[in-house]
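>>> Quick one, what's the 3D model for this:
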Amino acid sequence: MPENQLQEAKTIMNPAALAGEWILSSGIQSEKGPFYSWYDLDKKRYPYIYSEITGYGITTLLFLYKLSGENKLVKKAKLAAQWIIENALDDSGGVKARLYGDECLAESHYSFEDGNIFSFDTGMVLYALINLYKVTGENLYLEKSKAIAAFLLDTMLQRDGSMAAIFNSGSKKGIESYDKWSNQPGAFHAKVSLGLVDLFEVTRDGRHKEAALELCDFAIGLQEASSGRFITNKSDNTTHLHPHSYAIEGLWYAGVNFGVSRFIDSARRATKWMLHQASGSGLNELYNPSSGKFNDFQRSDILAQALRLALLFGIKDKQEELKAALLQYQYRQEETVQEGGLFFSKDSRHLNSWCTMFALQALKLADNKELLPEGKKLELFI
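Next up, the predicted model:
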């Protein structure tokens, strides 16, 4: 399509379509297949390739394929999967986290070179690959899914149903700290159950189902009974709404698929607690029980997650204000391929890949309620 026609077409796109166009055409997916973390508008560069987000990217492409039937989307998903398999999949079965283009910018804790493997990132890739198998029927993706699941169950799953957060491929040892929610076993690991649920559907291997159930039961053990909030950092009992939402997503998915009412009830209570905090100005990031207050920082991924959960549970009174708050983060600069991406926060200058992917799905669901059949799971949950 000529450039002038492309711009004319983009001017009539709704926000969800613009977000989809950004994912497909902006360059956030490398020509070699993987997805970058974000695009810095000022520096005009992508800081690193991110395996977890490449997992989300594959799922996003398959979600868009489900809506449109365009085969090019499956081709792009297969290219991303090929890159993961050839470059990020460790011999252990875990998935390495980030590949930095400039080692001077690298955070060693996450870099390929340091060898830390995060169970959550690995789980998001598992979900992507098993769904790519379900779409294509290509056995490679099933075999790699089984290998990844074996790593998660044999190396990372612990006796209490929790999942170790980090495994170092060099030392062959786990790493655990409580400086950040993502470095500790947490309720957010319930979202790893998505891949295990779908793998069980294919293999009927009871270990996959049992592990998903254990992860969700562990998550419920970190839920405050009186409020419904998940404690996401055990060092200070705070609740960060990003992993709080991950816990809800995993519980809802496993609960609906396996018919476990306690998971669905837990997810609903946690959603209601979170949405109760929302106002016309949005939704802040971190709750501290010592002060009984939230911080004063908002981010678009949390808004997108909250909107999606409001839609899943049919909580209508917050949907429009969450959608309006979310759309404030969308870049609407015509005559640029970057139009449609979402900023991470209001003071950031980078267009964020996972924020845009989450927002794309939330906006699609908001636009078309038929994508949420009552009593059934949402397939291809980004």
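
>>> so where do the helices sit in the stretch 151-300 of the chain?
For the stretch 151-300 of the chain, helices defined by DSSP state H, counting those that start in this stretch occupy the ranges 193-203, 206-220, 241-258, 261-276, 300-312.

>>> and these as a markdown table, adding mean neighbour count?
For every residue, glycine as well, the C-beta is placed using N, CA and C. Below are the helices of the stretch 151-300 of the chain laid out as a markdown table (neighbours: other Cβ atoms under 10 Å):
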| stretch | mean neighbour count |
| --- | --- |
| helix 193-203 | 23 |
| helix 206-220 | 22 |
| helix 241-258 | 25 |
| helix 261-276 | 20 |
| helix 300-312 | 26 |
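
>>> Include mean pLDDT and distance to Gln319 when you put the ones you listed into JSON lines, please.
Shown next, in JSON lines, are these (pLDDT from 0 to 100; distance: least, Cβ to Cβ, whole Å):
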{"stretch": "helix 193-203", "mean pLDDT": "98", "distance to Gln319": "23"}
{"stretch": "helix 206-220", "mean pLDDT": "98", "distance to Gln319": "25"}
{"stretch": "helix 241-258", "mean pLDDT": "97", "distance to Gln319": "15"}
{"stretch": "helix 261-276", "mean pLDDT": "98", "distance to Gln319": "9"}
{"stretch": "helix 300-312", "mean pLDDT": "97", "distance to Gln319": "5"}
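
>>> CSV please, covering those and showing distance to Leu283.
Formatted as CSV, the helices of the stretch 151-300 of the chain follow (distance: least, Cβ to Cβ, whole Å):
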stretch, distance to Leu283
helix 193-203, 23
helix 206-220, 21
helix 241-258, 7
helix 261-276, 7
helix 300-312, 6
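
>>> Quick one: closest of the ones you listed to Lys172.
Nearest of the helices of the stretch 151-300 of the chain to Lys172, taken as Cβ to Cβ: helix 206-220 at 21.1 Å.

>>> Now do that closest one and helix 193-203, the angle between them.
Interaxial angle, helix 206-220 versus helix 193-203 (axes from the mean of the first three to the mean of the last three Cα atoms, to 10 degrees): 160 degrees.

>>> what's in contact with helix 206-220?
Here helix 206-220 makes contact (Cβ atoms under 8 Å, 6 or more residues apart in numbering) with 149, 152-153, 157, 160-163, 185-190, 192-193, 196-197, 199-200, 230, 247, 250-251, 254-255, 258, 260, 262-263, 266.

>>> before we move on, back to that, indicate which one of the helices of the stretch 151-300 of the chain is closest to Ser119.
Closest to Ser119 of the helices of the stretch 151-300 of the chain, according to Cβ to Cβ: helix 206-220, at 10.0 Å.

>>> Alright, I will stop here.
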